[in-house]
Each structure stands twice: as structure tokens, then as C-alpha cells.
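1. just to be clear, the model below is a prediction. Sequence and coordinates:
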Amino acid sequence: MSDGTETVVEQRSFSAAFLGLLAAALVLVLGGLVWSYTLNNRLSKAEAQLTQAQQENDKLARDLEQTNARLKVATETLGQSVGLTQKQLETRANDLMRRQEADARRLESEQAKAQQQIGAVSSDVSSVKTDVGGVKTDVAQTKTQLQDTMAQLQSMKGDLGVQSGLIATNHNELELLKHKGDRNYYEFTLRKNQRQPVSTVGLELKKADTKHSRYTLNVYADDKKIEKKDRGLNEPVQFYTGKDNYLYELVVNNISKDQIQGYISTPKAAPVPVKPGE
């Protein structure tokens, strides 16, 4: 497959992952909006119930006035008809008024409960609106961060003249490449003159020039030693290894006194290192 085709495939894979993340974030936003719409409907229903209760209270007040008027007339008529004393009539009238007042208090209590329910629903609606706003902010921040990170990643030709994949210049960018899953990645820290196994090869740092950000190391692969001399920071260093001649890439992200740090990337089909005990 040509170098241009590999780059297009990688970019499409990264775009698919990016679109998948945006789609998941949009689903969260839509869910919040649906929940907000449901709570608004509950609030409207509770307000309608409160209005109906107020209308019933007003009607009850009018009925009470009419009842008092009829009671006064009935009291006079009853006193004349049955010969009740004024004290007896007043007692019965007071009993009736107490019952009416008790009914009015019950109505007021129901109105207060309805008002509390409306307040709770309003609070829920406000909370959902806040959550939806937070989700929108998180989506925007995530999109911005992904765009910034994607802009920082770059592809360049390696020291063998082969177009490399995307190059990570720090640990965070390397984690993003790992999540893409296009290649295997192995981080390392090398100290001068100490041979160390990384992936399926051996590495030995011979020189670290912090002033000019250059280094020299040996790669031990397939019973051969390959010298990579005077290489630069974040430069793709390439070599072939294995019976199927896989292309490995080595990138150094940090050079300090007698020490370098970086990673090796290998094709998905390349052999993986054997863990102790396997």
C-alpha cells in the first residue's frame, strides 16, 4: 500500500473516532433536553391545578357569604316557627360556621401543598437546564481539545525515507495515538551504555547531546546491530525487523544528560514481546 493511502486511512480512522465522540456527546445533550421538556410539562400541569384550586376557593367564599345570608333569614324564621331561644339559634349557627371554617382551612392546606409541588418541579427544571448547559460546555471543550491535539500531531518522513504515521511529541499525544489503535506503542527511558529490551528489539544509548538536541543509539534486532547516529528530537527513526520485514519507528521526545525518553511504534501484525512466565 502506498504512503499516501496509509495516511488517508489513518486520518479516516481518527475522524471516525472523533465523530463517534461527538455523537456520544450529542446524545447526552438530547437526553438532557428531553428531560427538561418533561419537567416543563409537569410544571405546567401543577400550575393548572393551582389555578383550579384558587377558583374553587373563590367559589367557596361566595357560597359562604350566601350561606350566611340564608342562615340569618332561616334563623329568624326558625325562631318564629319552632320557638327556639336566641341562644340556641346562635349555638347552632356557630357550629355551622365552624364547620365551614374547617373546610376553608383544608382547602388552604391543599393549596399550600400544591404550591410546594410547583416549587419542587421548578427547582428540578432549573437543575436540568443547568445540567444541559454543563453538557453543552463539556462538548464544546472536548471538541476544542481534540481539535488542538489533532492539529499538534504531524506526519513526516523517517530517516529511511519512508513516510511515517502520526508522530507524538509528548505523553498526552502518545495516549491519543494508543486510543486510535492503529499501531502498537512501547514507551522507554534509556540511560547511556545500558542495553535495554523494548518491544521485540534491544536499545542502547551511546550519546545524548542536550545542547543540540541530538542523540546516537544502537538497535539490536535479528542478531544484528543497527547504529542510528546523530538523530534529532521527535525525528522518526525507522528500521526493518522480523521474518516478514516489519517497519518499526522510534521517536525520542526528551533528551537529558546521559538519558533519553521516547517510544517505539510497531505494526499491529508485528510480534509482541513475551512476558515473563509465558
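-> Arrived safely, thanks for sending.

2. show me the helices in the chain, by range?
-> Under the criterion DSSP state H, the chain contains helices at 3-82, 86-152, 171-180.

3. the longest one - what's its average pLDDT?
-> Looking back up the chat, that one is helix 3-82. Averaging pLDDT along helix 3-82 gives 69.

4. and if you look at the second one?
-> The average pLDDT for helix 86-152 rounds to 70.

5. what does the shortest one give?
-> Here helix 171-180 scores 91 as its mean pLDDT.

6. give me the buried positions along it.
-> Neighbour-count burial for helix 171-180, with 16 or more other C-beta atoms under 10 Å as criterion, is recorded at Glu173, Leu174, Leu176, Leu177, Lys178, Lys180. Every C-beta, even on glycine, is put in place using the N, C-alpha and C of the backbone.

7. excluding residues flanking it in the chain, which one is nearest the second one?
-> Distances taken as C-beta to C-beta, 6 or more residues apart in numbering put Ala168 closest to Leu174, at 3.9 Å, once the chain neighbours are dropped.

8. gap between Asp209 and Gly232?
-> Asp209 sits 10 Å away from Gly232, going by C-beta to C-beta, to the nearest Å.

9. likewise Phe188?
-> For Phe188, the distance to Gly232 - C-beta to C-beta - is 17 Å.

10. list the contacts for Val251?
-> Ile167, Ala168, Asn234, Glu235, Pro236, Val237, Gly262, Tyr263, Ser265 (C-beta atoms under 8 Å, 6 or more residues apart in numbering).

11. narrow those to those in strands?
-> In this view, those that belong to strands under DSSP state E are Ile167, Val237, Gly262, Tyr263, Ser265.

12. my read: the first one touches Gly232, true?
-> No. Between Ile167 and Gly232 no contact is recorded; they are 11.9 Å apart, counting by C-beta atoms under 8 Å.

13. higher neighbour count, those two?
-> Between Ile167 and Gly232, counted using other C-beta atoms under 10 Å, Ile167 has the larger neighbour count: 22 against 14.

14. dump the residue contacts of Glu249.
-> Gly158, Ser164, Gly165, Pro236, Val237, Gln238, Ile264, Ser265, Thr266.

15. before we move on, the earlier item: now render the buried residues of helix 171-180 as CSV, adding distance to Val219.
-> Formatted as CSV, these follow (distance: C-beta to C-beta, whole Å):
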residue, distance to Val219
Glu173, 23
Leu174, 20
Leu176, 26
Leu177, 21
Lys178, 22
Lys180, 25
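
16. what is the nearest of those residues to Trp35?
-> Nearest to Trp35 among these is Leu176, at 32.1 Å by C-beta to C-beta.

17. is it true that the closest one touches Ala168?
-> Yes. Contact criterion C-beta under 8 Å: Leu176 and Ala168 qualify, at 7.3 Å.

18. adjacent strands (with direction) for the lengthiest strand in the chain?
-> The residue-count maximum for a strand in the chain (DSSP E) belongs to strand 246-256. Paired strands of strand 246-256, with direction, are strand 237-241 (antiparallel), strand 259-267 (antiparallel) (DSSP bridges).

19. all good on my end, thank you.
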